[in-house]
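S.K.: have a look at this prediction, sequence included:
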Amino acid sequence: MLDLFHWEPHGACARVMICLEEKGLQYSSRYVDVLAFEQYRPEFLQLNDAGQVPVLVQDGLAYVEASATCEYLEEAFAARPLMPRQPAGRWRVRVWQKYVDDGFAASVTDLAWQAHGARGLQARALEPAALHSAIDRIPVAPRRAAWQAAVAGLDAERLARARQRIAASVEHIEAQLAGSPWLAGPEYSLADIAVFSYFKYLPALFPTVLNGDAAPRSLDWMRRVEARPAVRAALARGRRGDPFTISAPGPEYVRWG
Amino acid sequence: MPLELYFFQPLGTNSGRVFLALLEKGVEFNERELNGREFEHLQPQYLAINPRGQVPALVHDGRALAEGAAICEYIDEAFEGPPLRPADLRERWSMRRWCRYIENDVGRALMMIHWNRIVPGFVGARTPEEFERLVARVPDADRRRAWRRAYLQQTPPEELEESRGRLREASQRIETALSGAPWMAGTSYSLADIDLLSFFAFVSRWSPEIVNKTATPRTMAWIERMEERPAVRALRARTRMPQLPPATSG
């Protein structure tokens, strides 16, 4: 019996949701409204004291962190493998997952917050004063600090660094796809799922870098991932809007998972 | 084709974890020490092996592997020897979660705190212009920024204090984990223990106000158990500690 506590199919939530669909696993969906700060409620913090989605629960045990959770699913459910068999291929998958965790996810999230964050919060129909007081009551200190910084506005230097990193990432992805159809080699894998779950916003967020002239292989790769039935099924579980244009629920920039 | 490990002395953090994983696994390898003070990791010969200029790198069957955590899992998968990952899948998840926490949260807090002490020794008697020429060769923009801030001793005090807070919190989390089980991931010795030794064990010497027999007795007992392991003794025998300038405040 699998339960997944998740928000929209964005970022780390998308990673685990796609992984579950690819492996053909049934799960109970437990929707956590991140914009209503449900991830900071005591009952959720008992599952994950970092106050972050997604959390996978199996047999009463909670699994957090998208990379570790996806690898757990891969090891626990061997059918429909999402990692190569050879150690070198597995090493490549893990390097890509770390690449996403270490900077790519944060950079995309910063740009998405800049572009869509205010709109997401307006959907909560809160007065600024009420919003600030809700943020001040977030019990997880690092997340509280992140929200405070984000509603104050991300500074230009940080946004410039995010754009620089994403431009470098796209070059890196283009170079990889020159030599193989998928990011970790000849087979689709958890590496593609991890990168795609953030990459999917870039054509709308950063069209000067993500367009057919500058990044043809990346865009082709993205369409191939997007066309997979499991990916479609995972993205179709979203409740709010378009999974390709509305992104970050807030400044959960280090990781949501 | 022989196995080669490119690493820095002293054998700690990322170089230490991979070196120790190889020793625990009982794998023969050729040691390729790079001199960090001479910035050998940014010389063309090394950049041909790892274009990102990061250390360590493991060369196996002509393929260069980077990224400490991923190399360690590779070592466990590619070679015969005692397993370095738990057979139990829950413990294995726990191992990976700890490895990431130790590297990211603990490792970065430690770098923030101690980088200011380490960098001047690396730079030595070079002029500011020579230093800038070297740093310009660091491929990663964030790393260049960290080097410059440490060289100029410009790390803001509030960032240092924040890092000390994170280190204190981490030491309590680790103490709690070791209160319920003999090893970090649970009942099995694993890469999480190797990482904790590589990134954290020296905190008892460098930040004794945080890790000591009163505040973190189980962590201290774990360190003693670790130091008795033959592979850890072998690691220590190969480690050369540099002379460091005395700690400044905190």
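M.R.: Nice, I can see it.
S.K.: who's in contact with A:R41?
M.R.: Residues near A:R41 by CB atoms under 8 Å, 6 or more residues apart in numbering or on different chains: none. Glycine gets a C-beta too; all of them are placed from N, C-alpha and C.
S.K.: distance of it from chain B?
M.R.: 22 Å (CB to the nearest CB, to the nearest Å).
S.K.: can you tell me what sits against the lengthiest helix in chain B?
M.R.: Ranked by residue count, the top helix of chain B under DSSP state H comes out as helix B:157-180. Contacts to helix B:157-180, defined as CB under 8 Å, 6+ apart, come from residues B:98, B:101, B:105-106, B:108-110, B:112-113, B:184, B:196, B:200, B:203, B:207, B:210-211, B:215-219, B:221-222, B:250.
S.K.: repeat that for stretch B:77-93.
M.R.: A:61, A:63, A:68-69, A:71-72, A:75-76, A:87-88, A:90, B:21, B:24-27, B:60, B:72-73, B:75-76, B:94-95, B:185-191, B:194.
S.K.: would you mind checking which helix or strand in chain A has the lowest mean pLDDT?
M.R.: helix A:118-122 (a mean of 64; mean pLDDT, DSSP states H and E).
S.K.: would you mark the buried spots in whichever helix or strand comes after that helix?
M.R.: With elements assigned by DSSP states H and E, the helix or strand that comes after helix A:118-122 is helix A:128-136. Of all the residues in helix A:128-136, those buried under the rule 16 or more other CB atoms under 10 Å in any protein chain shown are A:I135.
S.K.: and after helix A:128-136, which helix or strand comes next?
M.R.: Toward the C-terminus, helix A:128-136 is succeeded by helix A:141-152 as the next helix or strand (DSSP H and E).
S.K.: list the buried residues for that following helix?
M.R.: Buried, per 16+ other CB under 10 Å, within helix A:141-152: A:143-144, A:146-147, A:150-151.
S.K.: is it possible to get CSV of the residues you listed that adds pLDDT?
M.R.: What follows is the buried residues of helix A:141-152, written out as CSV (pLDDT from 0 to 100):
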residue, pLDDT
A:R143, 84
A:R144, 87
A:A146, 81
A:W147, 84
A:A150, 81
A:V151, 81
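S.K.: buried ones in stretch B:171-180?
M.R.: B:171, B:174-175, B:177-178.
S.K.: out of these, the closest to chain A would be?
M.R.: Of all the buried residues of stretch B:171-180, chain A sits closest to B:A177, with 13.4 Å by CB to the nearest CB.
S.K.: element containing the residue of chain B most remote from its centre?
M.R.: No residue in chain B has its C-alpha farther from the mean C-alpha position than B:E129, which lies at 29.4 Å (CA atoms, centre = their mean). Per DSSP H and E, B:E129 falls inside helix B:128-135.
S.K.: what residues does the following helix or strand past that helix touch?
M.R.: Toward the C-terminus, helix B:128-135 is succeeded by helix B:141-151 as the next helix or strand (DSSP H and E). Residues from elsewhere that reach helix B:141-151, judged by CB under 8 Å, 6+ apart: A:103, A:161, A:164-165, B:111, B:115-116, B:118-120, B:123, B:131, B:135-136, B:138, B:154-155.
S.K.: flag every buried residue along helix B:141-151.
M.R.: Neighbour counts over helix B:141-151 (16+ other CB under 10 Å) mark B:146-147, B:149-151 as buried.
S.K.: chain B contacts on the stretch 1-150 of chain A?
M.R.: Residues of the stretch 1-150 of chain A found near chain B (CB under 8 Å from any CB of the partner chain) are A:61, A:63-65, A:67-69, A:71-72, A:75-76, A:87-88, A:90-91, A:94-95, A:98, A:101-103.
S.K.: mind giving me the packing neighbours of the helix or strand A:A112 falls within?
M.R.: Assigned by DSSP H and E, A:A112 belongs to helix A:105-112. With contacts defined as 3 or more CB pairs under 8 Å, 6 or more residues apart in numbering or on different chains; DSSP states H and E, helix A:105-112 has these neighbours: helix A:11-22, helix A:156-179, helix A:190-199, helix A:202-205.
S.K.: output the ones you listed as JSON lines; include the columns mean pLDDT.
M.R.: JSON lines is the format used below for these (pLDDT from 0 to 100):
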{"stretch": "helix A:11-22", "mean pLDDT": "96"}
{"stretch": "helix A:156-179", "mean pLDDT": "94"}
{"stretch": "helix A:190-199", "mean pLDDT": "97"}
{"stretch": "helix A:202-205", "mean pLDDT": "91"}
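S.K.: let's have those in JSON lines, adding mean neighbour count.
M.R.: Shown next, in JSON lines, are the helices and strands packed on helix A:105-112 (neighbours: other CB atoms under 10 Å in any protein chain shown):
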{"stretch": "helix A:11-22", "mean neighbour count": "27"}
{"stretch": "helix A:156-179", "mean neighbour count": "16"}
{"stretch": "helix A:190-199", "mean neighbour count": "26"}
{"stretch": "helix A:202-205", "mean neighbour count": "19"}
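S.K.: chain B contacts on the stretch 151-257 of chain A?
M.R.: A:161, A:164-165.
S.K.: quick one, domains of the chain?
M.R.: In the absence of a named chain, chain A is used. Listed by automatic domain parsing, the domain ranges of chain A are A:2-76, A:87-228.
S.K.: ah, I was thinking of chain B
M.R.: According to automatic domain parsing, the domains of chain B span B:4-78, B:89-238.
S.K.: could you dump the domains of chain A into CSV and include distance to B:A48?
M.R.: CSV is the format used below for those (distance: least, CB to CB, whole Å):
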stretch, distance to B:A48
domain A:2-76, 29
domain A:87-228, 16
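S.K.: residue ranges with poor pLDDT in chain B?
M.R.: B:1, B:242-250 (pLDDT under 70).
S.K.: show me where it has helices.
M.R.: B:13-25, B:44-49, B:68-78, B:89-101, B:107-123, B:128-135, B:141-151, B:157-180, B:191-199, B:203-206, B:217-228, B:230-238.
S.K.: number of residues surrounding B:P217?
M.R.: Neighbour count for B:P217, taken as other CB atoms under 10 Å in any protein chain shown: 13.
S.K.: quick one, what contacts A:V16?
M.R.: Per CB under 8 Å, 6+ apart, neighbours of A:V16: A:4, A:6, A:54, A:56, A:66, A:69-70, A:73, A:257.
S.K.: now B:A70: how far from chain A?
M.R.: From B:A70 to chain A the distance is 4 Å (CB to the nearest CB).
S.K.: tally of neighbours for that residue?
M.R.: 20.
S.K.: follow-up on the earlier one: could you say which of the domains of chain B is packed most deeply?
M.R.: Counting by mean count of other CB atoms under 10 Å in any protein chain shown, domain B:4-78 has the highest mean neighbour count of those, with a mean of 19.
S.K.: interface residues of chain B facing chain A?
M.R.: Checking chain B against chain A by CB under 8 Å from any CB, the hits are B:63, B:65-67, B:69-71, B:73-74, B:77-78, B:89-90, B:92-93, B:96-97, B:100, B:104, B:141-142.
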